[in-house]
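Undergrad: this one's sequence-less:
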């Protein structure tokens with residue numbers, strides 16, 4: 001008689017399976033150590049497809065730690081950094097399997113049309129420039145890989161508790177950077193490019209975006225839960241503590257983006273919602289930790305450029321401002337990189353509209369191909385140094401505007417869905433924070449290749465997918481997580497000033 005309940009593995013079966021796997025791995029390792037990876041990979045693939053949540057945790061751990069283990073600690077091979085690609089592919093297979101097995105098939109999302117537009121633009125650019133197909137494939141992988149996480153989470157259709165745990169896990173990984181960076185300051189005798197937490201060398205930009213994104217999530221929880229008279233001090237202190245990575249890493253752009261992000265988050269009448277006492281607690285925590293950190297920085301690192309930067313904020317644009325021969329005298333700073341990119345694309349209407357082709361401005365290790373543009377203008381790290389110049393060079397104005405439209409479409413869709421239905425405090429807080437994370441995801445294009453950096457892009461697309469999933473349930477009325485008194489995203493963002 002069929003009960004409709006799928007059989008589960010019991011303890012003897014698990015023990016026998018583990019023993020058989022161990023014997024197989026040992027026998028293959030005796031022949032060749034590389035052979036042992038085959039059964040291990042097959043077993044890991046089965047686990048990820050069968051339990052995709054495990055794969056999501058592994059993916060987040062990979063983007064936060066693999067580069068650090070491989071390039072800094074040298075405890076794993078350098079090629080191990082590509083393990084996240086395999087995990088992502090298995091997660092996509094699991095998500096498509098689940099999505100196609102449902103009655104309603106795959107869900108439509110606000111990202112579908114812009115993503116299709118980017119694919120078309122990339123193909124036109126590659127064909128028009130007669131780019132090698134391997135190079136085009138490498139460029140597509142770089143730009144679209146983080147976006148796949150959005151579809152994976154939407155198609156997996158995880159429940160509220162699982163999505164909450166994933167976001168809390170990201171918050172924990174972000175907070176973990178603080179003690180790691182404090183130890184690095186002690187080891188290296190100062191801050192700078194080598195004090196970047198678990199994200200590897202020269203990762204000051206990603207650390208800054210991660211810190212500010214997690215700060216936004218924590219302040220969102222402080223605002224959403226303060227109506228119950230709890231959580232303001234706890235979440236506010238944790239959020240303010242994330243200025244420590246910015247200060248230790250001497251992330252000068254952090255002092256430019258943080259005020260803009262916080263100004264957007266705390267616009268409107270949100271301070272009235274927090275009440276006067278709690279508002280001043282947040283302000284004191286925010287200003288206090290920032291002030292103490294700036295005062296202690298000369299003691300921690302006497303050679304720090306932080307104080308000089310605070311005295312001359314224009315250095316965020318002119319730093320590394322030196323002319324190079326191949327730029328025809330254009331200084332190579334972030335601004336110089338953008339000016340040089342504009343000179344290259346503006347010389348030809350096709351390049352202005354569609355760029356030189358995906359992956360043309362970077363030296364990619366994937367598939368061992370390098371674009372002709374990169375070979376012609378070998379300017380070290382500066383060509384395509386940040387996302388704005390890189391996207392302009394590779395995808396043209398059409399690709400740049402299409403990607404920005406995709407971000408706006410996702411944000412507007414999330415905001416629209418959270419105007420309806422009822423949601424608990426946690427999701428109201430995440431929805432409130434998502435505005436600040438979106439601001440970072442747009443402003444950061446002048447700072448680093450933020451759309452293609454896994455750790456920064458995954459935070460944005462994880463929050464977007466989680467909010468889209470929860471918003472769909474609230475809109476359809478299939479699930480009720482709280483009463484209507486909790487309000488909507490629109491009211492929270494405007495400070496809940498209306499009655």
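TA: Here it is on my side, so go on. This is a predicted model, so every value here is computed, not measured.
Undergrad: ok, residue 170 touching residue 216?
TA: No. At 11.7 Å, residue 170 does not count as touching residue 216 under the criterion of C-beta atoms under 8 Å. (Each C-beta comes from the backbone N, C-alpha and C, glycine too.)
Undergrad: the more surrounded of these two?
TA: For residue 170 versus residue 216, neighbours defined as other C-beta atoms under 10 Å are more numerous around residue 216 (29 against 21).
Undergrad: quick check: nearest residue in space to the more buried one, chain neighbours excluded?
TA: Nearest residue to residue 216, sequence neighbours excluded (C-beta to C-beta, 6 or more residues apart in numbering): residue 436, at 3.8 Å.
Undergrad: what stretches of the chain score poorly on pLDDT?
TA: The chain contains residues with pLDDT under 70 at 1-42, 102-106, 190-192, 227-229, 267-332, 364-369, 375, 378-384, 419-422, 474-499.
Undergrad: the helix or strand where the residue nearest to residue 216 lies - contacts with which helices or strands?
TA: Here residue 436, judged by DSSP states H and E, is contained in helix 425-443. If you count contacts as 3 or more C-beta pairs under 8 Å, 6 or more residues apart in numbering; DSSP states H and E, helix 425-443 packs onto helix 160-188, helix 204-225, helix 254-265, helix 387-417, helix 454-476, helix 489-493.
Undergrad: can you redo these as JSON lines with distance to residue 244?
TA: Formatted as JSON lines, the helices and strands packed on helix 425-443 follow (distance: least, C-beta to C-beta, whole Å):
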{"stretch": "helix 160-188", "distance to residue 244": "5"}
{"stretch": "helix 204-225", "distance to residue 244": "8"}
{"stretch": "helix 254-265", "distance to residue 244": "11"}
{"stretch": "helix 387-417", "distance to residue 244": "26"}
{"stretch": "helix 454-476", "distance to residue 244": "18"}
{"stretch": "helix 489-493", "distance to residue 244": "27"}
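Undergrad: ok, now which ones touch the residue nearest to residue 216?
TA: With contact taken as C-beta atoms under 8 Å, 6 or more residues apart in numbering, residue 436 is in contact with 212-213, 216, 219-220, 261-262, 264-265.
Undergrad: over to residue 397?
TA: By C-beta under 8 Å, 6+ apart, the residues touching residue 397 are 345, 352-353.
Undergrad: considering the residues you listed, which possesses the most neighbours?
TA: Per-residue neighbour counts (other C-beta under 10 Å) across the contacts of residue 397 peak at residue 345, which has 21 neighbours.
Undergrad: element containing it?
TA: helix 334-346.
Undergrad: and that helix, what does it pack against?
TA: Against helix 334-346 (3+ C-beta pairs under 8 Å, 6+ apart) you get helix 315-318, helix 349-354, helix 387-417.
Undergrad: apply 7 Å and report the result again.
TA: Where contact means 3 or more C-beta pairs under 7 Å, 6 or more residues apart in numbering; DSSP states H and E, helix 334-346 is packed against helix 349-354, helix 387-417.
Undergrad: please identify the most buried of these.
TA: When those are scored by mean count of other C-beta atoms under 10 Å, the highest mean neighbour count falls to helix 387-417 (a mean of 21).
Undergrad: quick check: angle from it to helix 454-476?
TA: Angle of helix 387-417 versus helix 454-476, following axes from the mean of the first three to the mean of the last three C-alpha atoms, to 10 degrees, is 20 degrees.
Undergrad: that older thread, do you know which of the helices and strands packed on helix 334-346 lies nearest residue 206?
TA: Across these, residue 206 has its closest neighbour in helix 387-417 (12.2 Å, C-beta to C-beta).
Undergrad: report the angle between that closest one and helix 334-346.
TA: Angle, helix 387-417 to helix 334-346, by the same axes, to 10 degrees: 90 degrees.
Undergrad: what's the angle from helix 387-417 to helix 425-443?
TA: Using the same axes, to 10 degrees: helix 387-417 against helix 425-443 is 150 degrees.
Undergrad: tell me which helix or strand the nearest residue to residue 219 once chain neighbours are set aside sits in.
TA: Once flanking residues are discounted, residue 219 sits nearest to residue 239: 4.7 Å by C-beta to C-beta, 6+ apart. Assigned by DSSP H and E, residue 239 belongs to helix 232-241.
Undergrad: quick one: work out the angle between that helix and helix 425-443.
TA: Calculated by the same axes, to 10 degrees, helix 232-241 forms an angle of 20 degrees with helix 425-443.
Undergrad: in helix 232-241, what counts as buried?
TA: Buried residues in helix 232-241, counted by 16 or more other C-beta atoms under 10 Å: 232, 235-241.
Undergrad: likewise stretch 59-78?
TA: Buried-residue list, stretch 59-78, by 16+ other C-beta under 10 Å: 59-60, 62-70, 72.
Undergrad: what residues does it touch?
TA: For stretch 59-78, contacts defined as C-beta atoms under 7 Å, 6 or more residues apart in numbering pick out 80-81, 83-84, 87-88, 91, 169-170, 173, 198-201, 454-455, 458.
Undergrad: can you flag the buried ones in these?
TA: Buried, going by 16+ other C-beta under 10 Å: 81, 83-84, 87-88, 91, 170, 173, 198-200, 454-455, 458, out of the contacts of stretch 59-78.
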